[in-house]
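In: Sharing a model prediction with you, sequence too.
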Amino acid sequence: MNKDLQKINLSLVSHTNVGKTTLARTLLGRDIGEVGDRSHVTIEPEDYVLLRSPDDNELILWDTPGFGDSVRLSNRLKGRSNPIGWFTSEIWDRIADKSLWLNQKAIKHVKDRSNVILYLLNASESPDSVPYVKAEMEILSWINKPVIVLLNQMGELRPPEEEQADVQLWRDFLRGYSFIKAVLPLDAFARCWVQEYELWKAIENCLTDREKPAFASLKSTLIRQKQAIYSSSVEAMANYLAKVSNDKEIMASQTLIDRLKAIGRTLGFIKKDLDGAQKDAQVALSTRAADWLCNLTQRLVTINGLEGKGVKAEILRRLKSDWDTRENIDPTAGALLGAVAGGAVTGIAADIATGGLTFGMGTLGGAIAGALGGAGAAAAYNVTKGSKDNLITWSASAIDGFIIETVLLYMAVAHFGRGRGQWEASESPAFWQKLTEDVLKEQNFDYKKIRENAHDADQLRGEFSKLFDKMLREIFKRLYDVTI
């Protein structure tokens, strides 16, 4: 194969200040160029190796200057075929309008070097309200290369059907331009990595038969890299859940009076805080869970090529000052009233008394607003009587809550584009929560049964790993119609 054919050149172009460099950072997974809220931040084309395969094929991403005065630029390009137009473009503009001259120089570079053009559009604007788009379609027609339109600035994450309605609006608007081969949503701030799979498919469809073998090698390399990151993320999530589900605290032995009080609290006869031993045990469990959640957040941020401190300080600060305790009726408590009436309470209370703990933490990043954040997850505890000690552990319902919130945490990280800057926790959209709950329910995950059959921590981690993998694959399928 000719050495030149081992390089596939992608040129990222758009109107000025639409977010090319921001998207380039997200796709590259590293900080490049300069990002600023002003026109013409990038003044000359800059090339970056997006991917290199083991056989030395390279996928090159070019970040180019944004189109400024698109109408004048289009007219200049049309006139280059005659001597006066050439003189105006090459000589006069270099002196009198350097910005326009740099634009023309960049466009000529794109025409000469690009295999595929990635044209970025601001999707927050309606097609009819952006007059420069028509002029830029003429520019792209002059370049005469296949174009993939990427919709940036999509706004808040929305259910798939709502997002697709906006995408279809732009597809219909651009339908008449034969050089446009695909219109895809790819928000620089909130794209999910699985959406890039559709981008690579679209690029492959734009290439010639001579270029496709090199790209096939690059695509295989990319998929391996993405799958390795995904697998590491699932492993980190499974390790976290195995730790939480195995955690326990020993409680001081209870006297008969303590047991009767616990029963009274469970049934609502006694309005009193938990006894010191149980309260201390719950705080210890919750503190460790919060700490492990912070560690998981940091681990996922690092694995997925982001930067930031996670949410550790925020969680621990709120943990100390913003929580309350309450007691919930155990599933077996329905039969308890009869037992109390009959006096058959000795030795029973420690086995059936339960406590619950919630944290009014508000939004700690969308992904952690359940098991440790309040609404949605049942952060309940089981108190069981062992051979020598009373142990307090997380209940099965609480584990379900942790599973849901762990998936939401991963989703938040997976949708956080590198171009957005330092990782920041944010509210998870409501439809994520509902979808995750539905998918978990469909898995028929029986934690009690799995816990009983798990011989060691490795087996338990394996069960959680399989669960997270199945759930995420199904979620990605429903959100983006992508199979990973």
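Out: Sure thing, it's come through.
In: Kindly export the helix or strand hosting Leu199 (C-alpha atoms) in CSV.
Out: Applying DSSP states H and E as the criterion places Leu199 in helix 195-206. Output in CSV follows, covering the C-alpha atoms of helix 195-206 (Å, rounded to 0.1, in the frame of the first residue of the first chain):
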residue,chain,number,x,y,z
GLN,A,195,-22.0,7.6,19.9
GLU,A,196,-18.6,7.7,18.3
TYR,A,197,-19.2,4.2,16.9
GLU,A,198,-21.8,5.7,14.6
LEU,A,199,-19.3,8.4,13.6
TRP,A,200,-16.7,5.8,12.6
LYS,A,201,-19.3,3.9,10.6
ALA,A,202,-20.2,7.1,8.7
ILE,A,203,-16.6,7.9,8.0
GLU,A,204,-16.0,4.4,6.7
ASN,A,205,-18.9,4.8,4.3
CYS,A,206,-17.4,8.0,2.9
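In: now for that helix, which elements pack on it?
Out: Contact here means 3 or more C-beta pairs under 8 Å, 6 or more residues apart in numbering; DSSP states H and E; on that basis helix 195-206 packs against strand 147-152, strand 180-185, helix 212-246. C-beta here means a position set from N, CA and C on the backbone, and glycine is covered the same way.
In: let's see it at 10 Å
Out: Counting contacts by 3 or more C-beta pairs under 10 Å, 6 or more residues apart in numbering; DSSP states H and E, helix 195-206 is packed against strand 7-14, helix 20-28, strand 116-122, strand 147-152, strand 180-185, helix 212-246, helix 457-480.
In: May I see those organised as TSV, with mean pLDDT, mean neighbour count and distance to Asp172 added?
Out: What follows is the helices and strands packed on helix 195-206, written out as TSV (pLDDT from 0 to 100; neighbours: other C-beta atoms under 10 Å; distance: least, C-beta to C-beta, whole Å):
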stretch	mean pLDDT	mean neighbour count	distance to Asp172
strand 7-14	92	23	20
helix 20-28	89	24	23
strand 116-122	94	23	14
strand 147-152	96	24	12
strand 180-185	96	19	9
helix 212-246	95	18	29
helix 457-480	96	18	21
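In: Columns distance to Asp291 on top of the ones you listed, output as CSV?
Out: Listed next are the helices and strands packed on helix 195-206 as CSV, based on distance: least, C-beta to C-beta, whole Å:
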stretch, distance to Asp291
strand 7-14, 41
helix 20-28, 30
strand 116-122, 41
strand 147-152, 37
strand 180-185, 37
helix 212-246, 10
helix 457-480, 18
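In: Out of those, which gets nearest to Thr287?
Out: Of all those, helix 212-246 sits nearest to Thr287, with 12.1 Å by C-beta to C-beta.
In: helix or strand right after the closest one?
Out: strand 248-251.
In: partners of that next one, with directions?
Out: strand 390-394 (antiparallel) (DSSP bridges).
In: got the angle for the strand it pairs with vs helix 212-246?
Out: Here strand 390-394 runs at an angle of 150 degrees relative to helix 212-246 (axes from the mean of the first three to the mean of the last three C-alpha atoms, to 10 degrees).
In: Using CSV, list the CA coordinates for strand 390-394.
Out: The C-alpha coordinates for strand 390-394 follow below in CSV (Å, rounded to 0.1, in the frame of the first residue of the first chain):
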residue,chain,number,x,y,z
ASN,A,390,-25.3,-8.9,66.3
LEU,A,391,-24.3,-7.6,62.8
ILE,A,392,-25.7,-4.7,60.9
THR,A,393,-25.3,-4.8,57.1
TRP,A,394,-26.9,-3.2,54.0
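In: so what's Val418 up against?
Out: Quick fix: residue 418 reads Arg, not Val. 22-32, 188-189, 304-307 (C-beta atoms under 10 Å, 6 or more residues apart in numbering).
In: rerun at 7 Å
Out: Neighbouring residues of Arg418 by C-beta atoms under 7 Å, 6 or more residues apart in numbering: 25-26, 29, 305-306.
In: same thing with Asn122?
Out: Taking C-beta under 7 Å, 6+ apart, we find Asn122 in contact with 18, 152-153.
In: Around Phe173, count how many other residues there are.
Out: 17 (other C-beta atoms under 10 Å).
In: just Ala425 next, same as before
Out: Other residues close to Ala425 by other C-beta under 10 Å number 22.
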